[in-house]
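> Would you be able to build a 3D model of this:
(one chain, ligands or ions: 2)
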Amino acid sequence: MNLKNRDFLKLLDYTPEEISYLIQLAADFKAKKKAGIPHRVCDGKNIALIFEKTSTRTRCSFEVAARDLGMGTTYLDPTGSQIGKKESIADTARVLSGIYDGIEYRGFGQEIVEELAKYASVPVWNGLTNEFHPTQILADFLTIKEKFGKLQGINFVYMGDARYNMGNSLMVGCAKMGMNFTACAPKKYFPDQALIDECQSIAAKTGATLRFCENVAEGVRSADVIYTDVWVSMGEPVEVWAERIAELSPYQVNADLMSMASKNAIFMHCLPAFHDKKTTIGCEMGDKFERDAMEVTDEVFESTQSVVFEEAENRMHTIKAVMAATLTDL
Ligand code: CP
Ligand code: NVA
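Ligands and ions are numbered 1, 2, ... in the order given. Just a heads-up that it's a prediction; the model follows:
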């Protein structure tokens, strides 16, 4: 398997074999890191990290993974560069390609990261767009593999806003890896029909199944994994909270819902999560709408079924795999 010079923009661009390879490579790097075995396979290289939206996990993962691989990093924050304001994406891509060996981009429309990749002569990695969050899915799948020993045949249920980056990318990932994907939400929160159709045709080849279900009990029955994400994503206006709470509350992941899933089901969330009122937004919205939690209760978040912090750690190992595979022959 040689992925050198490839971009990593969305899972649709990768075969199931390539995705499996990246997950296995991440597991190998994780084992090396735990054993204290150096793996500076990108020694002397440098990468640029463009963030037009804020981040904790993705930024830290790219920075630490880069350092472990022997690379230097430059972080460009949401306000600290000329991108988009004084310099086009195409020009930025060509400037950064002359200085760096790889570019990470987190921002708004998927078309922006695609444009960056088109004009860049070095690999470009998608660190989240409105439509897709592919590095997150690698971490999620590594975590599922660690818990269940496999991906094929896993019953994966996504609760909540399934038409945004997480729902979309998880549906694509499940279709690619032969998993049984359910989006459980009101109909208007189902992914875009064109993407569903594309995933159905992938599923026909991999043995995956895709299901879209409004009924909670039906949706979560036999689930091995219950996954959710925030109801209001970065970049969305604050006004949508009222509608989201009204429409998505029945899909909140709580102890009742978990009890309807498989006995050994795990709870996953890409994070950050509104599971209590210990954040500014969680507190503001919690007070306004008289709620202690949003998409997941604190009880489930803190339960033994929750694997969210292992999942977060796996961001680093999987991002490391993506960079090493696309920057070197390994
Ligand atoms: N899950 C995730 O992408 O987290 P950050 O927004 O903190 O990077
Ligand atoms: N849907 C969330 C994911 C955060 C990792 C957002 O875009 O804000």
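
> Can you show me the strands along this structure?
For the chain, the strands defined by DSSP state E occupy 46-51, 72-76, 102-106, 124-126, 155-159, 180-184, 209-213, 225-228, 266-269.

> tilt between the fifth one and strand 180-184?
So the one you mean is strand 155-159. Calculated by axes from the mean of the first three to the mean of the last three Cα atoms, to 10 degrees, strand 155-159 forms an angle of 20 degrees with strand 180-184.

> Give me the residues contacting stretch 21-39.
Under the criterion Cβ atoms under 8 Å, 6 or more residues apart in numbering, residues 1, 3, 14, 68-69, 138-139, 141-142, 145-146, 314, 317-318, 320-322, 324-325, 330 lie in contact with stretch 21-39. In short, each C-beta sits where N, CA and C put it, glycine included.

> Narrow these to just the buried residues.
With burial judged by 16 or more other Cβ atoms under 10 Å, the buried subset of the contacts of stretch 21-39 is 3, 14, 68-69, 138-139, 141-142, 145, 314, 317-318, 320-322, 324-325.

> Which residues are in contact with residue 252?
Residue 252 makes contacts with 159, 293, 294, 295, 296, 297, as judged by Cβ under 8 Å, 6+ apart.

> From residue 135, how far out is it?
Distance, residue 252 to residue 135, by Cβ to Cβ, to the nearest Å: 27 Å.

> Any residues of this protein in contact with ligand 2? List them.
Contact residues (Cβ under 6 Å from any ligand atom) of the chain with ligand 2: 128, 164, 165, 166, 229, 230, 233, 234, 270.

> So the second one sits against residue 229, correct?
Just to be clear, that refers to residue 164. Yes. Using Cβ atoms under 8 Å, residue 164 is in contact with residue 229, at 7.5 Å.

> quick one: which of the two has more around it?
residue 229 (25 against 22; other Cβ atoms under 10 Å).

> Which phi and psi values does the more buried one adopt?
Torsion angles at residue 229 (phi, psi; degrees, to the nearest 10) stand at phi -140, psi 170.

> Who's the closest spatial neighbour of it, skipping the chain neighbours?
Closest residue to residue 229 apart from its sequence neighbours, by Cβ to Cβ, 6 or more residues apart in numbering: residue 166 at 4.2 Å.

> And residue 100, by the same measure?
residue 48 (4.6 Å).

> pLDDT at the one you found, what is it?
pLDDT recorded at residue 48 is 98.

> Distance check, residue 313 against residue 100.
Per Cβ to Cβ, residue 313 is found 26 Å from residue 100.

> To clarify, my last question referred to residue 302.
40 Å.
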